[in-house]
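# Next come a sequence and a model predicted from it.
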Amino acid sequence: MESLRGYQTAPKTAKKELADEREKFNAEKKGLLWRVSDAEDKLAKEKQFNANKQKEWETTCERTNREMQTTHDQIVKLKGEKTQISNKAEQERASHQKRENEYIQRIAKLEQIIDEKSVESRASEIITEEANAD
């Protein structure tokens with residue numbers, strides 16, 4: 001009988017060891033499942049975070065592009081206005097130069113007439129002096 005007792009305790013010990021191993025395995029499995037679940041949650045949060053950042057980036061790019069387009073349009077408009085103003089200023093300069101040349105020519109003609117009148121007047125004075133002197 002005693003020899004049978006040894007065999008009976010061996011299966012009990014083996015069953016206990018198997019149960020302990022199974023419990024350990026289940027605990028490790030549960031721990032791994034929790035870690036996987038936690039990692040999946042973190043991954044989902046990171047994906048959502050990245051999606052939000054992508055949307056923010058796209059919104060920022062769109063706003064920046066609109067601002068740059070508006071600035072470009074303003075620059076083009078201002079260049080057009082500058083060209084118009086420059087052309088008008090050039091026309092005014094040319095008109096002013098033309099009037100100035102006309103005035104210079106008039107002054108020259110008036111000076112010539114004055115000189116002629118002065119010579120005539122001087123000649124008349126000389127003739128009058130000669131006539132009075134006789």
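Cool, got the structure.
# other SSEs contacting the helix or strand where V119 lies?
Applying DSSP states H and E as the criterion places V119 in helix 2-133. Using 3 or more CB pairs under 8 Å, 6 or more residues apart in numbering; DSSP states H and E as the contact test, no helix or strand touches helix 2-133. For glycine as for every other residue, the C-beta is placed from the backbone atoms N, C-alpha and C.
# what distance separates it from the middle of the whole chain?
Mean C-alpha position of helix 2-133 versus that of the full chain (CA atoms, centre = their mean, to the nearest Å) differs by 0 Å.
# where are the low-confidence patches of the chain?
1-9, 134 (pLDDT under 70).
# swap the cut-off to 80 and go again
1-11, 133-134 (pLDDT under 80).
# ok, K53 - contacts?
K53 makes contact with no residue, according to CB atoms under 8 Å, 6 or more residues apart in numbering.
# how close does it sit to E120?
98 Å (CB to CB, to the nearest Å).
# do the same with R63
84 Å.
# swap in E100?
30 Å.
# Same check on H72?
For H72 relative to E120 (CB to CB), the value is 71 Å.
# Next, name the residue at the spatial heart of this protein.
Residue closest to the average C-alpha location in the chain (CA atoms, centre = their mean): M68, at 4.0 Å.
# quick one, what contacts that one?
With CB under 8 Å, 6+ apart, M68 has no contacts at all.
# ok, it to C61 distance?
For M68, the distance to C61 - CB to CB - is 10 Å.
# repeat for Q112
From Q112 to C61 the distance is 75 Å (CB to CB).
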